[in-house]
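Engineer: Take this sequence and fold it.
(chains A and B)
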Amino acid sequence: MAPQLAIVSIFFFWPAGQALYQSLLSQDAFGTSVQFVGGENFERLWNDSTYLASFKITAIFSILVSVLGLSSSLLLAVLANRVVAGASVYRSLLIWPYAVAPAIAGVIWLFLFAPSVGVVTHVLREWGLAWNPLLDGNHAMALIVMAAVWKQISYNVLFFLAGLQSIPKSLIEAAAIDGAGPWRRFWTVVFPLLSPTAFFLLVINIIYAFFDTFAVVDAATHGGPGRDTAILVYKVYYDGFKALDLGGSAAQSVILMAIVIGLTVVQFRFIERRVHY
Amino acid sequence: MIRTGLPALSTLLTATRRATGVLSTLASTLTAAIVMGFAAPAAAEVEVQWWHSMGGALGEWVNGLAKDFNDSQKEFKVVPTFKGTYDESMTAAIAAFRAGNAPHILQVFEVGTATMMASKGVVVPVGKVMKDAGEKFDPSAYVPAVAGYYTSPKGEMLSLPFNSSTTIFWFNKDAFKAAGIDTARPPTTWPEVALAAAKLKATGHKCPFTTSWETWTQLESFSAWHNVEFATKRNGFNGLDTRLAFNTPLHVRHIENLANMSKQGLFVYKGRGGAGDAPFISGECAMTTGSSAMYANVKRNAKFAFGAATLPYYPDVTGAPQNTIIGGASLWVMSGKKAEEYRAVAAFFSYLSKADVQAKSHQTTGYLPITMAAFEMTEKSGFYKANPGTDIAVNQMIRKTTDKSRGIRLGNFVQIRAIMDEELEQIWAGKKSAKEGLDEAVKRGNEQLERFESANKS
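Structural biologist: This next block holds a predicted model:
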């Protein structure tokens, strides 16, 4: 057996299998009474209206994070690529946020936007906007989207920059000689050549938004107000690690896994066709 | 129930801790192995592990207790370990129990009580530990409202009350003076709170009233304080088939009043958990309802004259005010350990229950005295006279409790509290009426109770 296969088995297939197995069990916190309950955990989720509502919230969140994250990092990467003096300083600064743990990213944004002490809140109030993510669901959503996007921008910029630099200068120059302006050069030459990178990042960003963002939510909003920012993965984390309901949490992670596998397959079948390698 | 004022900060700490947790566990296992390997023959002391959730000044208090006990005799040694917030140390203990190396003593917060009680074979009742070790143990020496909470339906004391607090009313005397409110007569009823809030607002105060632990102060303790049921079956004490009951007209009336106050800017919501503590201590909010264990923090950090008073009530409700409900944590003894280790635990618990140790703990931390003797000793020493406000919580608790006010013991309580938070937020935001929100919270909470009941049926 190839070593890669062993690693994938230990770190992916085994835990995934465990989750699948536990999703069929009902057990108390200490595991002293474990019962096989079949699909009961899934049935309960199906009957839980708040769980179904969090699909919509997750979709909104993931789309916002992916679209805003990819577009802003593409813009930053293109700009950073044009910088002549001090390029490495700019690049280092752009990559910096990636080293910050998600929970800390959440806290930083929480402090900036905290209703009573936040600096940004103060400015927004000056402009006449009553910013209150504690009670306004849209404000809370904006807060976690910003934190999640900011956290992922570095990673995206890194790949976009690498992609941009691998585009042969001669192609762009040829287009320029043919009279194409910067805008046209970007969309007809640069962007198609960047599409493999963009596609890769789209897949990664969606997986990130689905799986990796619970710490941001936990730190910034706790899923509130109400359940307005309770994305699916936050509930998995909360039910499993705070509420100690392992069966229910496992069932949710199985569902989440199915969704992400489904989305990835869709992306490869339909979007990849438009990618030029 | 002292927790850091900013929930964000604790989450930040959590994240860092989680990263280092694995390493430190590894390191401590290694150390333990080395100690056992080389030092075992020489050391005659029986060592017991104590996992707790007391950080900062309270951590020093816990370490001090263990040290004093260890110095007081040569036979036993208690090793306290900070394991993070309450829910983190519980999760850690569960993982350790499943792996077969749970600590001897575990500090569990009050909302985890039902989970601990329902998990069969996980814990050894404190009463049994004391009896087997031949230590003197008299459950009636403990403050009834505190001990009753940790006693099984059969009357057996299951865990040792350790740090208990209750809900009280805090106010900023300087802000009161500025608004022309008599600081000697703080509001005692909810109509008076609204009146005081209106006066504060009229003088330009931005946050007249806020609250910490909204579910604990505004629904759980509120119910006991008015001698009405929060949940059926004596608030869950009499069985797992309990169901929530906090959508009565009285509850709806109170939450509606708060929602109206919120609309008028008299009540400002500052977030879940203890998030309301910080705005009071910073002086931003003039009044709050929160934990009595906030005392040490307020005393150290508030730059204004502060006062404490009993939790407000509705004067037209018969039976009000009754008593309030405890928060905080107790010490549980885990199963599967050696007999001499249980003797060590029993000796330590006896030490903790001594009147002078108790009285000192009560006076330094602001937690409630656990035994009547400690309360009397503190009273005699003149502590309450010298520190006005410190006796509020004690007086609220040292009363004869009723079946409706003894405490609340529900399974899946962590989730139920989150559900109540979610629904209350929708009420404060004006998305739901008080009735709609409370009905929904009862309905969703009952689903959790049904699940707990069926999961623990066997």
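
Engineer: I'd like the distance between whichever residue of the stretch 51-200 of chain A sits closest to chain B and residue B:54.
Structural biologist: With CB to the nearest CB, the shortest gap between the stretch 51-200 of chain A and chain B falls at residue A:103, namely 3.5 Å. For every residue, glycine as well, the C-beta is placed using N, CA and C. Counting by CB to CB, to the nearest Å, the separation of residue A:103 from residue B:54 is 22 Å.

Engineer: related to what we said a few turns ago, check which helix or strand covers the residue of the stretch 51-200 of chain A closest to chain B.
Structural biologist: Following DSSP states H and E, the helix or strand that holds residue A:103 is helix A:102-113.

Engineer: can I get the CA coordinates of that helix in PDB?
Structural biologist: In PDB, the C-alpha atoms belonging to helix A:102-113 read as follows (Å, rounded to 0.1, in the frame of the first residue of the first chain):
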ATOM      1  CA  PRO A 102      -9.600  31.700  13.300                       C
ATOM      2  CA  ALA A 103     -10.800  32.300  16.900                       C
ATOM      3  CA  ILE A 104      -8.400  35.200  17.200                       C
ATOM      4  CA  ALA A 105      -9.600  36.600  13.900                       C
ATOM      5  CA  GLY A 106     -13.100  36.500  15.200                       C
ATOM      6  CA  VAL A 107     -12.100  38.300  18.400                       C
ATOM      7  CA  ILE A 108     -10.200  41.000  16.500                       C
ATOM      8  CA  TRP A 109     -13.300  41.800  14.400                       C
ATOM      9  CA  LEU A 110     -15.500  41.500  17.400                       C
ATOM     10  CA  PHE A 111     -13.400  44.200  19.200                       C
ATOM     11  CA  LEU A 112     -13.400  46.500  16.200                       C
ATOM     12  CA  PHE A 113     -17.200  46.100  15.800                       C
END
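
Engineer: Which elements pack onto that helix?
Structural biologist: Helix A:102-113 sits against helix A:119-126, helix A:137-165, helix A:214-220, helix B:7-34, with contacts defined as 3 or more CB pairs under 8 Å, 6 or more residues apart in numbering or on different chains; DSSP states H and E.

Engineer: Out of these, which gets the lowest mean score?
Structural biologist: The minimum mean pLDDT among the helices and strands packed on helix A:102-113 belongs to helix B:7-34 (a mean of 43).

Engineer: list the contacts for the spatially closest residue to residue A:102 that is not a sequence neighbour?
Structural biologist: Leaving aside its chain neighbours, residue A:102 sits nearest to residue A:215 (3.8 Å; criterion: CB to CB, 6 or more residues apart in numbering or on different chains). Residue A:215 makes contacts with A:101-103, A:105-106, B:15, as judged by CB atoms under 8 Å, 6 or more residues apart in numbering or on different chains.

Engineer: residue ranges of the helices in the stretch 251-400 of chain B, please?
Structural biologist: With DSSP state H, counting those that start in this stretch, the ranges of helices along the stretch 251-400 of chain B come out as B:277-281, B:295-301, B:339-353, B:355-365, B:372-380, B:383-386, B:392-397.

Engineer: hmm, back to that, go ahead and confirm the residue of the stretch 51-200 of chain A closest to chain B touches residue A:218.
Structural biologist: Yes. Residue A:103 is in contact with residue A:218 according to CB atoms under 8 Å; the separation is 6.9 Å.

Engineer: so the longest strand anywhere in chain B versus helix B:355-365, what angle?
Structural biologist: Secondary structure of chain B per DSSP state E: the longest strand is strand B:160-172. Interaxial angle, strand B:160-172 versus helix B:355-365 (axes from the mean of the first three to the mean of the last three CA atoms, to 10 degrees): 30 degrees.

Engineer: low-scoring pLDDT stretches of the stretch 351-458 of chain B, where are they?
Structural biologist: For the stretch 351-458 of chain B, applying pLDDT under 70 flags the ranges B:458.

Engineer: which parts of it sit against chain A?
Structural biologist: Counting by CB under 8 Å from any CB of the partner chain, the stretch 351-458 of chain B comes close to chain A at B:412, B:414-415, B:418, B:421-423, B:425-426, B:428-429, B:431, B:444, B:447, B:451, B:454-456, B:458.

Engineer: just checking, which of the residues you listed belong to helices?
Structural biologist: Counting by DSSP state H, the part of those found in helices is B:414-415, B:418, B:421-423, B:425-426, B:428, B:444, B:447, B:451, B:454-455.

Engineer: now those residues: which count as buried?
Structural biologist: Buried by 16 or more other CB atoms under 10 Å in any protein chain shown: B:414-415, B:418, B:421-423, B:425-426, B:428, B:444, B:447, B:451, B:455, out of these.

Engineer: Tell me, how many residues neighbour residue 48?
Structural biologist: No chain in the question, so chain A it is. Here the number of neighbours of residue A:48 (other CB atoms under 10 Å in any protein chain shown) works out to 15.

Engineer: The chain in question should be chain B.
Structural biologist: For residue B:48, using other CB under 10 Å, the count is 25.

Engineer: now do residue B:141
Structural biologist: Count around residue B:141 with other CB under 10 Å applied: 16.

Engineer: I'd like to know how far it sits from chain A.
Structural biologist: The gap separating residue B:141 from chain A is 30 Å, by CB to the nearest CB, to the nearest Å.
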